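>>> sequence first, predicted model second:
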Amino acid sequence: MAGGERLNVGAGQDRGRGVPGFLGRRGPGRYHRLNPLTKATLATVTAIGAVVVGGLLGPALLVAAAVLLPALAAGVLRRLLLLAGLLALPIAISAFVVNLFFFPGGADVLFRVGPIVATAEGLGFALEILARILAISGAVTLFYLTTHPADLVVDLERRGVSPRLAFVANASVQAVPAMVERAAQITAAQRARGLDTEGSIWRRVRGLVPIVAPVILGSIAEVEERTMALEARGFTRPGRRTLLWAPRDSVPEATVRWLMLAGLAGLVALRATGAWPG
Amino acid sequence: MALRWIAALIGFALVAFVGIVVIGDFSAERAADSWALVAAIGLAAAFVAYAATEYFQTGGFGSIARQFDLRTVVLVPIAIAINIILGAAVANALKIPIYLDSIGTILVGALAGPIAGALTGFTANLVWQYIIPPPFQGTVAAPFAIVAAVIGLMAGLFARAGWLRPRPNSSGGALLIGGLVALGIVVLLAVYAYVRFYTDAFEFFNPDNADPLFVILGWLIAGLFVAFIVGFVALLVVRRDLTVAYVTVAGVLTGMVAALISAPISANLFSGITGSGTDFLVAAFRQAGSDIQVATFQQGLLSDPVDKLVTFFVVYLVLTAIARRTIARFPQGERLVEAGDASAGEGGEWRGASG
């Protein structure tokens, strides 16, 4: 299985019998062991909250409280900063440069580069957007670092999400590395047949077709086999399934989730009515 | 069947009417936001009306459930992976001002139906942001889930109407008329979009343009347009396939709707900057004097139709490359294979035996 190395971390510590190794492992920290939905709610509320609050101070406080603090508690602060930084880097650079130099109606000129003007208004706006992007990226990265995708999907299935949707979410995660691997194999095979993948740009673009086409068509051809395999294993059987394992949940956690959502709704209402200074 | 679509239309019209009455003034500078909001709520209302009518008529959701047979459920993860890998590659590595992140969505919409397509698009963007590990993780994908859903919905509707059905060996007259009609629609849309949304800030071919950037940009876009027309005519003549005309119109229409819905999201949340190749266009339009909302919309109206045109053609080529029996097993597959004699192209050992 693709990504198997990561999936087997900590296997066998705390799981029911007959459950595959990648499920039911205990996370290393208390934050890891929270219910996946709680962590997903925190990530979503933080991301939306940062947008709704606006400004610089709001998102900064939000990130400190809802991203950095939990990350510190979970012991993933270093990896979080590194990964979130790397993830947000392209969009952050772009957002900063474009908003600094191309801010419509900016009058307070900081400096000029040829016909392009950097304005103070642009700088303020750029920082604001930057804070927002970093908050979103940090919140999502914290969720990713402390949650195994399969845990979230199993938990959703336990809550009544259709097994088909759960399958789609789970299989997508596995399909991405599998398809990258397939692409690598096909590239190697085509190069063995003399495909030029290192020449001029035009040659490389032309070389895309004999790689992309077999990847897509091969994946679609595989649908048939998978359909029959699932059919043979009773995937389409009606009725409820018995889950051998599901992440733990508790009443306090559920309360916290609802409180977070209520807080977000309150924030949105405050902003919408103009009671919150924008 | 017809009743359900009428109910959906009434639902949409009702929301549109209420929205227009409530908002009242669309001339304000944030008009695009309001239009997108009304369109999104209207689509949701249309879907609810359709489903409710079907439930009232049949006591179930047969026509919707049929779009989610096991084959489709297996195809969707693969489609999502195609979306994510190509989208991430184009946005992070190639930096060209299009997206190419909806090939899978449109593929599912065509093969399985509008609702399946919409759900694929929606799920794909959520999965992209929340559960795909780096380096493919999308930092700004989830807010655009609604756009992806609309793209999948439109692709499903076009395919349901038979627009993606191959029409090989079309007669010369049909090709001429179809080609002219398709070109006419595209040119009309382009001229309207240009006059309505671009002339306020600057003119592409004004020799007095202060900035050489816009002279270059203008000629680049003109060149692209000429290349499009030449390519379109060439493809039509070489393939002798009238579907090329249908695919073109479907792509451009989908792109314009996508731009209408995505631009306000992009402008309000991310100031129009998403870290991909489209940022250069936003910067250029802002330099021309458009404000953030307008510049983002101008970029979208340029990028999206080109992007969806390319995507629809890729999907059409993929569909023609898949074996016909594979296609026909999908819920909407019958609408993607040639009309008429089913055994015409696949002779085999029984060729002529049926006499």
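Structure's in. What do you need? Numbering: from 1, shown residues only, chains lettered A, B, ... in the order given.
>>> in the stretch 1-150 of chain A, what residue spans correspond to strands?
A:109-113, A:116-119 (DSSP state E, counting those that start in this stretch).
>>> for the residue most central in space within chain A, give me the pLDDT.
Against the mean C-alpha coordinate of chain A, by CA atoms, centre = their mean, the closest residue is A:Val140 at 5.3 Å. pLDDT for A:Val140: 87.
>>> for the one 3 residues further on, same thing?
A:Phe143 is assigned 89 on the pLDDT scale.
>>> ok, A:Ala40 next?
At A:Ala40, the model reports a pLDDT of 90.
>>> what about it, how many residues close to it?
If you count neighbours by other CB atoms under 10 Å in any protein chain shown, A:Ala40 ends up with 19. The way it works is simple: take the backbone N, C-alpha and C, and place the C-beta from them, glycine included.
>>> was I right about it contacting A:Val153?
No: assessed by CB atoms under 8 Å, A:Ala40 is found out of contact with A:Val153, at 11.0 Å.
>>> thinking again about what came up before, which one of the strands of the stretch 1-150 of chain A is the most hemmed in?
Among the strands of the stretch 1-150 of chain A, ranked by average contacts under mean count of other CB atoms under 10 Å in any protein chain shown, first place goes to strand A:116-119 (a mean of 19).
>>> coming back round to it: look up how far chain B lies from the residue nearest to the centre of chain A.
6 Å (CB to the nearest CB, to the nearest Å).
>>> which residues does whichever residue of the stretch 101-250 of chain B sits closest to chain A contact?
Closest to chain A within the stretch 101-250 of chain B is B:Ile131: 4.2 Å, counting by CB to the nearest CB. Neighbour list for B:Ile131: A:144, A:149, A:152-153, A:169, A:172-173 [criterion: CB atoms under 8 Å, 6 or more residues apart in numbering or on different chains].
>>> circling back: is the residue nearest to the centre of chain A in contact with B:Thr139, as I believe?
Yes: proximity of A:Val140 to B:Thr139 meets the contact threshold set by CB under 8 Å, at 7.4 Å.
>>> can you tell me which residues contact the residue lying closest to B:Tyr316 once chain neighbours are set aside?
Distance criterion CB to CB, 6 or more residues apart in numbering or on different chains; nearest residue to B:Tyr316, sequence neighbours excluded, is B:Val247 at 5.0 Å. For B:Val247, the contact set (CB under 8 Å, 6+ apart) comprises B:163-164, B:312-313, B:316.
>>> those residues: which two are farthest apart?
Greatest spatial distance in these: B:Trp163 and B:Phe313, 12.8 Å, computed using CB to CB.
>>> who's more crowded, these two?
It is B:Trp163, of B:Trp163 and B:Phe313, that has more neighbours when counted by other CB under 10 Å, with 20 against 16.
>>> and the longest helix along chain B, what's its mean pLDDT?
In chain B, with assignment by DSSP state H, the single longest helix is helix B:292-321. Mean pLDDT, taken over the full extent of helix B:292-321, equals 87.
>>> ok, now stretch B:46-54?
84.
>>> gap between the spatially most central residue of chain B and A:Leu261?
Centroid-nearest residue in chain B: B:Thr254, 3.4 Å away (criterion: CA atoms, centre = their mean). B:Thr254 sits 34 Å away from A:Leu261, taking CB to CB, to the nearest Å as the criterion.
>>> go on, A:Ala183?
Taking CB to CB, one finds A:Ala183 at 40 Å from A:Leu261.
>>> just to revisit the earlier point, nearest spatial neighbour of the residue nearest to the centre of chain A, chain-adjacent residues omitted?
A:Ala43 (5.5 Å).
>>> tell me where the chain has helices.
Assuming you mean chain A. Under DSSP H, chain A gives helices at A:4-7, A:36-53, A:57-63, A:69-74, A:77-101, A:120-146, A:149-158, A:163-192, A:201-232, A:251-273.
>>> actually, chain B is the one I wanted.
B:2-23, B:31-58, B:62-65, B:70-88, B:103-112, B:114-130, B:145-160, B:172-197, B:212-239, B:243-270, B:278-287, B:292-321, B:324-328.
>>> relative to B:Gly231, which of the helices of chain A is closest?
Proximity to B:Gly231, assessed across those by CB to CB, is greatest for helix A:201-232 (15.4 Å).
>>> and the residue of chain A that's closest to chain B?
Of all residues in chain A, the one sitting closest to chain B is A:Ile91 (2.8 Å; CB to the nearest CB).
>>> circling back: common neighbours of A:Val140 and B:Thr139, please.
Taking CB under 8 Å, 6+ apart as the criterion, A:Val140 and B:Thr139 both touch B:Gln129.
>>> quick one, what contacts the residue of chain B found nearest chain A?
In chain B, the residue that lies nearest chain A is B:Gly275 (2.8 Å; CB to the nearest CB). By CB under 8 Å, 6+ apart, the contact set of B:Gly275 is A:90-95, B:91-92, B:139-140.
>>> mind redoing it with 7 Å?
B:Gly275 is in contact with A:90-91, A:94, B:91, B:139, counting by CB atoms under 7 Å, 6 or more residues apart in numbering or on different chains.
>>> domain parsing for chain A?
Annotated domains of chain A cover A:34-147+A:248-273, A:156-232 [automatic domain parsing].
>>> need the winner for burial among these.
Among the domains of chain A, domain A:34-147+A:248-273 has the highest mean neighbour count (mean count of other CB under 10 Å), at a mean of 18.
>>> that one: how far from the chain's middle?
14 Å (CA atoms, centre = their mean, to the nearest Å).
>>> got it, and stretch B:143-160?
Distance of stretch B:143-160 from its chain centroid, counting by CA atoms, centre = their mean, is 7 Å.
>>> what is the end-to-end distance of stretch A:52-69?
Using CA to CA, to the nearest Å, the end-to-end distance of stretch A:52-69 comes out at 21 Å.
>>> contacts for it?
With CB under 7 Å, 6+ apart, stretch A:52-69 has contacts from A:42, A:46, A:49-50, A:77, A:127-128, A:131-132, A:134-135, A:138-139, A:142, A:267-268, A:271, A:278.
>>> how does it look with 8 Å?
For stretch A:52-69, the surrounding residues in contact (CB under 8 Å, 6+ apart) are A:42, A:45-46, A:49-50, A:77, A:80, A:127-128, A:131-132, A:134-135, A:138-139, A:142, A:264, A:267-268, A:271, A:276, A:278.
>>> same check on stretch A:28-36?
With CB under 8 Å, 6+ apart as the criterion, stretch A:28-36 contacts A:10, A:26-27, A:39, A:70, A:73-76, A:146-147, A:151-152, A:155, A:247-250, A:253.
>>> what's the burial count for B:Val21?
Residues within reach of B:Val21, counting by other CB under 10 Å, total 8.
>>> dump the residue contacts of the residue lying closest to A:Thr187 once chain neighbours are set aside.
Distances taken as CB to CB, 6+ apart place A:Ile211 nearest to A:Thr187, at 5.4 Å, with adjacent residues excluded. Contacts for A:Ile211 (CB under 8 Å, 6+ apart) come out as A:183, A:186-187, A:190, A:195.
>>> re earlier: of the helices of chain B, which is nearest A:Leu110?
Once the helices of chain B are compared by CB to CB, helix B:278-287 is nearest, at 16.3 Å.
>>> show me the shaky parts of the chain.
You didn't say which chain, so I picked chain A. Scanning chain A for pLDDT under 70 picks out the ranges A:1-27, A:275-278.
>>> try again with chain B
For chain B, the ranges with pLDDT under 70 are B:1, B:24-33, B:199-213, B:340-355.
>>> domain parsing for it?
Split by automatic domain parsing, chain B gives B:2-160, B:172-336.
>>> how about the residues of the stretch 51-200 of chain B by chain A?
For the stretch 51-200 of chain B, the residues in contact with chain A (CB under 8 Å from any CB of the partner chain) are B:68, B:70-71, B:73-78, B:80-82, B:84-86, B:92, B:103, B:123-124, B:127, B:129-134, B:136-137, B:139-140, B:142.
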